[in-house]
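> sharing a model that was predicted from the sequence below.
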Amino acid sequence: METTQAFRGLDCTGCGASFDANEHGRCPECGGSLDPAYDYDAVEPGDLLGRTSDDGPGHWRYDALLPFPATGGLSANEGDTPLVRTDRLAEELGVAAAYVKDEGRNPTGTVLDRGMSVVATAAADRGLEPLALAAAGNAGQSAAAYAGRADLRSYAFVPSRTAFSNKAMVNVHGGDMRVVGGRYADAAAAVDDQLETEYHSLQEFTTPYRHEGAKTIAFELFADVGVPDAVVVPVGTGELLVGVVKGFRELRAVGATESLPSVYAVQPEGCAPIATAWQAGADAVEAWTRPDTIVGELEIEEPAGGDRALAALADADGDAFAVPDADALESAVTVAQSEVLEVGGPGGVALAGAWRLAEEGDLDAAEEVVVVNPDAGGKTPDVLRSHLMGKGI
Ligand SMILES: [Zn+2]
């Protein structure tokens, strides 16, 4: 398929072998996850800066560092989300400026639309059917939507706890859905158990393109405010963290900047395998045996990208830690009441992380902080409302 000028293939993060864009799963040699690679000398900072909608829809305007050109991208204008300046939050955090990168404004209300548009572009070119994945919720909805755009059949395997809005919208977008008893890992196991045909996987870190789509967040942040001092991201699968760190490192690689932000990864205490491994200084992430968080979107007990998340944290001079569910929901409600923004549990986890950083003196008064909200609060209003009920409201 047609690829961009700087794209030079898919490199295995396990064994280093290289493949062309016709490879679409994990490394056939070692099973490692593949990562799109580029010739950074072929990209000028100007190829990323000052991009407008004339250069492509949504995040496709940054196709100088995407595998496929904007002209062939399947798009519903995902990306190009607002960076909302939140002055009351900045005052509470005691920092010079605070912003929320509101990924809830994507077509299906999730940051995952960025990656799905890239995966769907590759899948449509090959015409491989069906597309399939396990999803905590948002990924299933997004996958069904982009599969529809690609005119390909799709299956989403979701755990029974998945939000009703996600389940309904998978079908509304024309996707097939299987509800699996248990947790995310059970849904992931069910894909291979129940799908007897060969399928094109949309699973994070099986396809090389989901985190690749997420990285355009870094390009958009850079266009809006340059390199912030700190970026706080909620973490479940790890694809958002890996993508954002890759994006900033690429900005440095093409000579757009010399500095990188500190990147903080925040997980809910009830399912925090990546934060726990990071805190312990471990090389690998161990599965979380008793996941229990109300933030279902981040309840990923055995993240496929765990090792890559740890590597990203090390690359970004980052840190990872966990926050209680109650703090996450309180943070989401506070921002809804003071900043207009509708932030769900995952965004609340990131916000609670920012408050924790402020309390512990990790943010100083001159700093600019960006908190990434990965999905729309309106997807799970019952979760936010139940938090108020717990307070007698
Ligand atoms: Zn390999």
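Everything's here; your move. Because the structure is predicted, anything quoted here is derived from the model rather than measured.

> apart from its neighbours in sequence, what residue is nearest A150?
Nearest non-adjacent residue to A150, counting by C-beta to C-beta, 6 or more residues apart in numbering: A124, 3.7 Å away. C-beta: built from backbone N, CA, C; applies to glycine.

> how far away from the center of its chain is the helix or strand where that neighbour lies?
Assigning secondary structure by DSSP states H and E places A124 in helix 112-126. In terms of C-alpha atoms, centre = their mean, to the nearest Å, the centre of helix 112-126 is found 14 Å from the chain centre.

> could you number the chain from 860 rather than 1 from now on?
Sounds good: first residue 860 from here, last item helix 971-985.

> against which helices or strands is the very next helix or strand once past it packed?
The first helix or strand that comes after helix 971-985 along the chain, using DSSP H and E, is strand 990-993. Packing partners of strand 990-993 (3 or more C-beta pairs under 8 Å, 6 or more residues apart in numbering; DSSP states H and E): helix 997-1009, strand 1013-1018, helix 1043-1053, strand 1059-1060.

> if we go to 10 Å?
If you count contacts as 3 or more C-beta pairs under 10 Å, 6 or more residues apart in numbering; DSSP states H and E, strand 990-993 packs onto helix 971-985, helix 997-1009, strand 1013-1018, strand 1035-1039, helix 1043-1053, strand 1059-1060.

> make TSV out of the ones you listed and add distance to P1183.
Converted to TSV, the helices and strands packed on strand 990-993 look like this (distance: least, C-beta to C-beta, whole Å):
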stretch	distance to P1183
helix 971-985	25
helix 997-1009	22
strand 1013-1018	22
strand 1035-1039	28
helix 1043-1053	20
strand 1059-1060	34
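
> nearest to N965, out of the ones you listed?
N965 lies closest to helix 971-985 among the helices and strands packed on strand 990-993, at 4.1 Å (C-beta to C-beta).

> and the stretch 860-1009 of the chain, which residues reach the ion?
C871, G873, C874, A876, C886, E888, C889, G891 (C-beta under 5 Å from the ion).

> got a pLDDT number for the third one?
Residue-level confidence at C874 comes out at 97, pLDDT.

> am I right that it sits in a helix?
No. With DSSP: H, G, I helix; E, B strand; the rest coil as the criterion, C874 is coil rather than part of a helix.

> I'd guessed it sits against R885; true?
No. Assessed by C-beta atoms under 10 Å, C874 is found out of contact with R885, at 11.1 Å.

> residue closest to the middle of the chain?
Nearest residue to the geometric centre of the chain (C-alpha atoms, centre = their mean): L1099, 2.9 Å.

> residue contacts, it?
When contacts are counted by C-beta atoms under 10 Å, 6 or more residues apart in numbering, L1099 touches 962, 970-971, 973-974, 1063, 1069-1070, 1073-1074, 1076, 1092-1093, 1124, 1164, 1168, 1205, 1209, 1231, 1233.
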